[in-house]
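**Q** Sharing a model that was predicted from the sequence below.
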Amino acid sequence: MWIRRLEAKDCAGIAEAGVTLEPGLNVLHGPNELGKSTLVQAIRAALLLPAAASAAERLCAWGVDALPEVTLTLEEGPGRLWRVRKRFGKSGGSAHLDFSRDGESFSNDSRGREVEGALQRLLRWGVEPPGGRGGRRGMPASFITTALLGEQQAIDAILDASLKDDPSDSGRVRLTEALQALSEDPLFKKVLASVQEKFSEAFSATGRRRTARGSPWADLREKRFAVQEREGEARRRLDECSTGEESVRVREEAVRGADTAAQDAVRELKGARAVEERRVAWKQAAKVRDEAQSALDAAIAQVGRRDRAAAAESEAEQRVDDLAASSAKAKAAVAEIAPLAEAARERVRELEAGKGEAARKIREQEAEQRRLKAESGLKDFEVAVARAKKCADLEAKITTAETERRQRAEKLAGLRSALADAEKTLASHREKISELELGRSAARVLSAVENAEAQDKALTETKVHARQARVLVARAKEQRAQAAESRAPDQVELDRLRKLDEERRVAQARLAVGLAVSFTPERSEVVEVEVDGEGERREVRAGQPAAFEAQRALRLVIAGVGVFEVRGGDPEAREDARSAVERWRTASGPHLKAAGEDSLAGLENRRELADGLLTEAQDLDRQAAEAKLRSEDIEERERRAVVAKAEVEESRKALAERLAAGASVDEFLREYGERGNAEVLPEEIAGLTARIRQCESSVASMGGDIGLGAERLAQSERALDDSREALRTEAEEAGDYRGLLDSADDDRQRLHDSVNAAAAELEAIRRQATDAATEVRGQADELNRQQRERVEERDRVDERLRKARQDFAERRGEATTLREAAERADVAALQAIRDEAQEKLDALPRVEEPPADLKALADRAERAKSEADALRLELSKERGALEQLGGPQIREQADQAREALEALDRREREAELEYGGWKLLRETLDEAEKEDAAHLGDAIVKPVGERLAALTGGRYQQVGIGPQLEATGVFFAGGERPLEEISVGTREQTALLLRLAVAEALGFFLVLDDNLTQSDSERMSWLRDQLGKATDVPQVIVMTCHPTAYLTGGEHAVDLTRCITRHEGIAPPAEPEGGVPEN
Amino acid sequence: MTRTSEAPEENEVALTLLHTADWHLGRRFPRFDDEQELRLTRARLEVVGRILDLAESREVDAVVCAGDLFDQEAPEEQWWRGALNEFRRRSGWRRPVVLLPGNHDPLTGRSIYHAGHPFRAGLPDFVHVVDEMGWQLPIGERAVVVASPCVSSAGQTNLVESLPGRETGDERIRIGLIHGQTFDIEGYQTNFPIARGSAASRDLDYLAVGDTHAFREVEPDAVAPTVYPGAPEATNFKETDTGQVALVFFPKDRRRRPLVRPEAVGRWKWRDETCRSLAELRAVAEEPDLEKTVLRLALDFTAPMAEYDEAERLLADFGGSLAATPRVGVLSVDRRGLRLAADHSENFDMELPAVLRATVERLLAQSRSEDSLTKEMAERALHHLYRLVREAA
């Protein structure tokens, strides 16, 4: 750091002063009392003294009511200029610290009280900022202030100074840092450089991990990000898979439980149904047995009737045969007696030709008529009896037919009742199957709706992810666009710019050798001066030397004379600087212009901002990738959603077709849903359908039986009607045939008695004939009687034969009917059927009571099965989903991701150890180096000692300097001697050499206020040469009233008489505090 | 029918089959760094070419690939494109190659086997994809391949049951092609289980299966062999009997059992090594073919600085650098067991400036720390310093 310009106003005796300085040796000369020491005081005050400090009173103008003002412009390095402006005074004082890159335009950095703190941070001279309690009064002092700004009256104060007396540690730290470079071993330097290089790969200067691309941590971070993302995804999918498996396991358990419950319920239902079936079976078997028994009994009765009818038929036939034989015999007897009787009757007729005979014949005829009448009545009676018997027979036949008809009607009614039951069962089954089909349709609709909702939800989620992905991508794009708009160079380019900037600054610093031009014009005029690129116009007075100073370059434009240019540094350094500046401009120009920035710091800020934006963009990209990944199968989702909706419509349509016309599908589904979303198994419906088919078969079979039974019943009824009609016809002729039959025997006896009486009367009349006649008549009568008897017998026999034949015909008809019926009734088969039915009945356990609440059991079993089916459906869905997830692969991927994470952990640990080792090595090297450098004297002894030896011609070989840079003595004559033992001049020269070494180490300006007053001309000359050659010191400012001792050419000489305007006629105050500066 | 398993004479062979599976193209190995991972992933593609070359040189009648040819159902283009190129390179081929989707690359709408996928669309005519249950392909007039693909990543279906049975009068050699897990693999969750006796149940002469990465014949005593050819290149350190395909010779005499012979095609070896001394590490370094080895190396010994440094240099040699090809194809080093004998007198026997000597002393002090991290880091730092000083010297 060096001073470019010093301006003072109203300081002690100086009314106004302005001195432009340059790098290198500046010789400011002027006579005593001109104000040289005041200028040094002004520099000290500007840099060290607060504006309101009491110590500033020393600067106050003598006898002038104005506050002293000092402006000091410092160049810290190329492009970094500071300007301190202070006006001292407890009231009205002010302080400003301004910054500039070009020395022309300054911006305020701090003001007021902040200025001191900012300055101390900038200088780090070991001086405490003002404001602390117990702070020292007066001008702040430290080892460095003593070395760089030593006061005139304490030329060798540096020899008594020590770092340990510094109020602040900053000076010691700065000196330590500066002096370390002087003492480094080449091997150490090489090692340190290599360590630093490795260290810098991974860490920033402050020891923080580098995060920029290319650093090992960034690579690992990126890798970790990718691996963690993959591992997270794998873990998420594994969790999903495990959850799915757990869910499947739970569902399997639930299904097993539900199956067990369903099986129990079904078992219980089956048990109850078995009981019921046994009961029904037994009942049906008993009924079958009873029916078989009835059929058998009827058949046996029929056979009995047939046998009886056959016997009767046989008897009747026999009777006919017998009667036919009797009839033939009677007819033969009649034929035999008829001629005898006719001959007797002829003889009688001959005999009865007399009167008495005539009267007897009349009586005989009358008796004969009565007898005939009685016989006729008997005949009519027998005919009536026969008709009455026929009626009775018909009546019995009707009774039998009625019994048979009733039995057939009962059987038919039974069949019809069974048919009705079967039809009822069939209807019930059909109703049930309809309900089941409806339920299944409803369940399908609900399942389809649920699936459609799930697909819709999945589609919506997928769309949301897709939308998120687009939004995130857009945001990432915006962030990248913003990053691009910042037009910040990338990290590599920025590093290159930093390097170029550093090269430029170093190259320019090498030019800062300090330039001074003195010019005495012949006439007063205004010249244009450009000091280190900073131009100004300045008036020069005729005959008065004008001094111009600069660090690197000075350009004077004198109208009418020409242009003078002075540049610092050797040609190579200038070329290097020009080249470095050119490289810097070439490299940075496009970036600065593009970014609208004027400095590297601005570009760095923009890079940092852009990096932040890019990091955010990467984060957004990652989020977008995640969202995009989740939305990848959107087309499949859409297709599934469409298919699911179509399935809903289809299932609804199917349900609507099943529902009654006008019934609402939604209402049914709501009701169905409230009852429970049970789904009916097809097997259940199939079972029911089979039962329906069985029922239908039974109904059809029973319908056939009923038809046959009805036909038989009709036959019975027709036969009954015929019998009734015959009875009615016979009864009409027979009259009260039952009464007739009841009194038939009595009536017959009575009629026989009448016939016998008439015959007796006739016999008596005939017995009245003469003897001859009587005999004849008797013979005739006998023959007639025999003939009648024979005729009667014949007639009776014929009548009996007719009756017998009629009876036989009837018997035969009846027997034929019964035989036919009996032939149809297979008794053996019926007996076998009855026996089989009995066996079946015997084989069945007898269950009288029906099981309790069969319907409740059926409902419970149905519910349990439905629940199991629903759970099975869920299980099937979850298994399907799990199969799509793919358990083994997920585990493999999770294992891979975990292994990758473990490998990355190892790599990170390895990197931490590797670079941690480098960091530890660097830190340990630092510590060791610091410890080594703690003896600061060791580092500075060499330059001071060598110069002292050269100065004294080897008399003094070395100077003793302690750890805190306190001078302890000089070595000569084989030992160290206290400084007090050497001459004042040598002390003064030793002090100067020490100060020069400190300034060299620090790279700060050095102000020498009338030093070397005790030195001889030879040493003076040698020392002046040293000051001129001290290129490591950016600036040496010598205040002297003996310019000839310093002005040898090459230095920047300033004639202070031309720069300082003093207050006229004002004497210094009588007793200024702290002594009056000697000028 | 009783069959014998004696090797048939060449002129007695009715049909020769190359059976392979589990290529796992596009498989990632994230445990390794990117370059090594890519090397292994590429190796899986390279072996495909060798398998097809073998099929050509042995003049097999057909090649059947029993699933998991790709590691995912939709691998990146570079992997399916590579496989496609291998097939298309053999444009003159007539022998059929049958590709079966496995559980890693199931036949789904997103699958590369889907009809609309450019991989499927680009396959030459001799390559056939099993894309339905009970799929069949006659191999000339003598044989037929019957197969069913995996259509999901996981499942509990025995896919053999979906294969068609032998029709009456069909006397051809029947080759079943299925991907799944046989009944006797312990410690594995069964996926697409294949029941014992499946080959016989479908009257197959040979059941070609894929899934397990080791070569194994599942039922050696069965009439019809059921064989896993294993992965042609291993996928991890635990796998054994990998790197092979199965050559199957069907004798003309149908009473004889087909002969199954493993044939090596893989190049890479996966090794686990623990070196308990520098000598053992040197011995490993002397071994040939390390460039085709996936080496998981653990170091477990304490060495003075010179040996420690040599171990480090050997490891660097194994791993390669920007300027040197790695000696080991794929390397994973666990060096937690490598410790520095910090107190060894010859660790830093060279002359050092005071600052460096002080640095060494400080680091040695830290290397004796109880804290393992501090200790290890100090050892590393000491080794760094050692190397730098040696290099500078």
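**A** Noted; the coordinates are in hand. Numbering: from 1, shown residues only, chains lettered A, B, ... in the order given.
**Q** Smallest gap between chain B and chain A, at which residue?
**A** residue B:153 (2.1 Å; CB to the nearest CB). Using the backbone N, CA and C atoms, a C-beta is placed for each residue, glycine as well.
**Q** For residue A:243, see how far away that residue is.
**A** The spacing between residue B:153 and residue A:243, counted by CB to CB, to the nearest Å, is 16 Å.
**Q** Same check on residue B:134?
**A** Taking CB to CB, one finds residue B:134 at 34 Å from residue A:243.
**Q** More neighbours: residue B:153 and residue A:243, which one.
**A** Set residue B:153 next to residue A:243 and count neighbours by other CB atoms under 10 Å in any protein chain shown: residue B:153 wins out with 25 against 12.
**Q** Tell me the secondary structure at that one.
**A** Three-state call for residue B:153 (DSSP: H, G, I helix; E, B strand; the rest coil): coil.
**Q** isn't it right next to residue B:102, touching?
**A** No: using CB atoms under 8 Å, residue B:153 is not in contact with residue B:102; the gap is 9.5 Å.
**Q** give me the number of residues near the residue in the stretch 701-850 of chain A positioned nearest to chain B?
**A** When scored by CB to the nearest CB, the stretch 701-850 of chain A has residue A:701 as its residue closest to chain B, at 42.6 Å. Using other CB under 10 Å, residue A:701 has 13 neighbouring residues.
**Q** And the helix or strand that contains it, what does it pack against?
**A** Residue A:701 belongs to helix A:682-734 when elements are defined using DSSP states H and E. Counting contacts by 3 or more CB pairs under 8 Å, 6 or more residues apart in numbering or on different chains; DSSP states H and E, helix A:682-734 is packed against helix A:356-485, helix A:737-742.
**Q** Could you identify the helix or strand that succeeds the first one?
**A** In other words, helix A:356-485. For helix A:356-485, the succeeding helix or strand toward the C-terminus, using DSSP H and E, is helix A:491-511.
**Q** any weak-confidence spans in the stretch 801-950 of chain A?
**A** Low-confidence segments of the stretch 801-950 of chain A, defined by pLDDT under 70: A:825, A:884-886, A:933-935.
**Q** can you check chain B too?
**A** B:1-11, B:183-189, B:322, B:345.
**Q** and the stretch 1-150 of chain A, which residues reach chain B?
**A** For the stretch 1-150 of chain A, the contact set with chain B under CB under 8 Å from any CB of the partner chain is empty.
**Q** Point out where the stretch 1-150 of chain A drops to low pLDDT.
**A** Applying pLDDT under 70 to the stretch 1-150 of chain A flags the ranges A:130-137.
**Q** quick one on the thing from earlier: confidence score at the residue of the stretch 701-850 of chain A closest to chain B?
**A** Confidence at residue A:701, expressed as pLDDT, is 77.
**Q** give me phi/psi at residue 73?
**A** Picking chain A for this. Note on residue A:73: its backbone torsions stand at phi -110, psi 120 [degrees, to the nearest 10].
**Q** The chain in question should be chain B.
**A** Main-chain torsions, residue B:73, degrees, to the nearest 10: phi -70, psi -30.
**Q** I figured it hits residue B:108, correct?
**A** Yes: Residue B:73 is within contact range of residue B:108, at 5.7 Å (criterion: CB under 8 Å).
**Q** Look at those two and report which has more neighbours.
**A** Taking other CB under 10 Å, residue B:73 and residue B:108 do not tie; residue B:73 has more neighbours (24 against 18).
**Q** Name all residues that make contact with that one.
**A** B:104-106, B:108, B:110-112, B:153 (CB atoms under 8 Å, 6 or more residues apart in numbering or on different chains).
**Q** Apply 6 Å and report the result again.
**A** Residues in contact with residue B:73 (CB atoms under 6 Å, 6 or more residues apart in numbering or on different chains) are B:105-106, B:108, B:110-111.
**Q** same thing with residue A:811?
**A** With contact set as CB under 6 Å, 6+ apart, residue A:811 has these partners: A:312-313, A:316.
**Q** quick check, it in a strand?
**A** No: counting by three-state DSSP, one finds residue A:811 to be helix, located in no strand.
**Q** Distance check, it against residue A:1064.
**A** In terms of CB to CB, residue A:811 sits 193 Å off from residue A:1064.
**Q** Same question for residue B:243.
**A** Distance, residue B:243 to residue A:1064, by CB to CB: 107 Å.
**Q** Look at the two and report which has more neighbours.
**A** Taking neighbours as other CB under 10 Å, residue B:243 and residue A:1064 compare with residue B:243 leading, 22 against 7.
**Q** ok, for that one, nearest residue in space, not its chain neighbours?
**A** Excluding the flanking residues, the one nearest residue B:243 by CB to CB, 6 or more residues apart in numbering or on different chains is residue B:266, at 2.5 Å.
**Q** Determine which two of the contacts of residue B:73 are furthest apart.
**A** Spanning the widest gap among the contacts of residue B:73 are B:105 and B:110, at 10.4 Å by CB to CB.
**Q** Could you pull up phi and psi at residue A:1037?
**A** Torsion angles at residue A:1037 (phi, psi; degrees, to the nearest 10) stand at phi -110, psi 120.
**Q** What is the burial count for residue 93?
**A** Answering for chain A, as no chain was given. So residue A:93, with other CB under 10 Å, has 18 neighbours.
**Q** try chain B instead
**A** Residue B:93: 17 neighbours (other CB under 10 Å).
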